[in-house]
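**Student:** Give me a 3D structure for the following:
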Amino acid sequence: MSTDTATPPGTTGQPPARTLRRALLVGLPTLGLILVTVFLARACEAMTGGRVYSEAEYRAHADRTKRTGADTVERLRPAAYLRGTLPGTRTASAANEETSTSCVDDFGFDKDGVTRDEPGYSWRLRFASRADYLAALDRLRADWKEEGLTVKEIPAENRPGHAPGLPGISTTDHDVELALRQAWYGDEPRVYASGKCMRYR
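**Tutor:** You can find the predicted model right below:
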């Protein structure tokens, strides 16, 4: 009398644990190789400065950066006067272009018509008093927090031979870094708007 047990149709006769172990032994190295390849590709892209955008995409980002900064100026309450402008000047038109020293091709990766740039703008402001500036700073801080943005405090910097320093705040909104603070090399308050460094052609 035979004691052999028939193998049910559709099975290989291998215990489930052994089948799972074999699948893991084959699948895990393959998955690991894929992850390493993706990581190396991302690392190489980051080293060269990121993906290459079209010039139209860069211009759109620059316009959005300027518009976001101008909106920040216009929402200040008490309102600020725009230094160096005539009455009726549009806020966006009063923007000063800022030059970035960090968005440069140090290793010569940009070839075949590729360039890189980081849009940056600032607005020179004048408030009626220091108290008005501090009030506008407090209100802008509250508005940003209400919008769910993370606000960083910028301590006042007292420079020898200058007026008492002004505290400031900064945040990042959709790849645009915003700040209301004392000018880098002066006493006047400014709004700064800086976009991300982009490679494009």
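**Student:** so how many other residues sit close to the closest residue to residue 68 other than its chain neighbours?
**Tutor:** Distance criterion Cβ to Cβ, 6 or more residues apart in numbering; nearest residue to residue 68, sequence neighbours excluded, is residue 176 at 4.6 Å. For glycine as for every other residue, the C-beta is placed from the backbone atoms N, C-alpha and C. Using other Cβ atoms under 10 Å, residue 176 has 22 neighbouring residues.
**Student:** Might you report the residue contacts of the residue nearest the centre of the chain?
**Tutor:** For the chain, residue 175 is the residue whose C-alpha lies nearest the centre (Cα atoms, centre = their mean; 3.2 Å). Residue 175 makes contacts with 61, 195-196, as judged by Cβ atoms under 8 Å, 6 or more residues apart in numbering.
**Student:** let's see it at 10 Å
**Tutor:** By Cβ atoms under 10 Å, 6 or more residues apart in numbering, the residues touching residue 175 are 61, 64-65, 68, 194-196, 198.
**Student:** where exactly do the helices run in this protein?
**Tutor:** In the chain, the segments counted as helices under DSSP state H are 16-48, 55-74, 130-146.
**Student:** Least confident of these, on average?
**Tutor:** Across those, helix 16-48 has the smallest mean pLDDT, namely a mean of 53.
**Student:** ok, the residue nearest to the centre of the chain to residue 195 distance?
**Tutor:** 6 Å (Cβ to Cβ, to the nearest Å).
**Student:** who touches both of these two?
**Tutor:** Listed as contacting both residue 175 and residue 195 by Cβ under 10 Å, 6+ apart are 61, 64-65, 68.
**Student:** most surrounded residue in these?
**Tutor:** In terms of neighbours by other Cβ under 10 Å, these top out with residue 65 at 24 neighbours.
**Student:** Next up, the contacts around the residue nearest to that one when sequence neighbours are not counted.
**Tutor:** Of all residues not flanking residue 65 in the chain, residue 195 sits nearest, at 3.8 Å (Cβ to Cβ, 6+ apart). Contacts here follow Cβ under 10 Å, 6+ apart; on that basis residue 195 touches 58, 61-66, 68-69, 100, 103, 117-121, 174-177.
**Student:** So residue 63 is in contact with residue 119, correct?
**Tutor:** Yes. Applying Cβ atoms under 10 Å, one finds residue 63 in contact with residue 119, separated by 8.4 Å.
**Student:** Who has more neighbours out of those two?
**Tutor:** Neighbours were counted for residue 63 and for residue 119 using other Cβ under 10 Å; residue 119 has more, 24 against 13.
**Student:** Quick check, that one in contact with residue 57.
**Tutor:** No. Assessed by Cβ under 10 Å, residue 119 is found out of contact with residue 57, at 11.9 Å.
**Student:** Many thanks, we can stop here.
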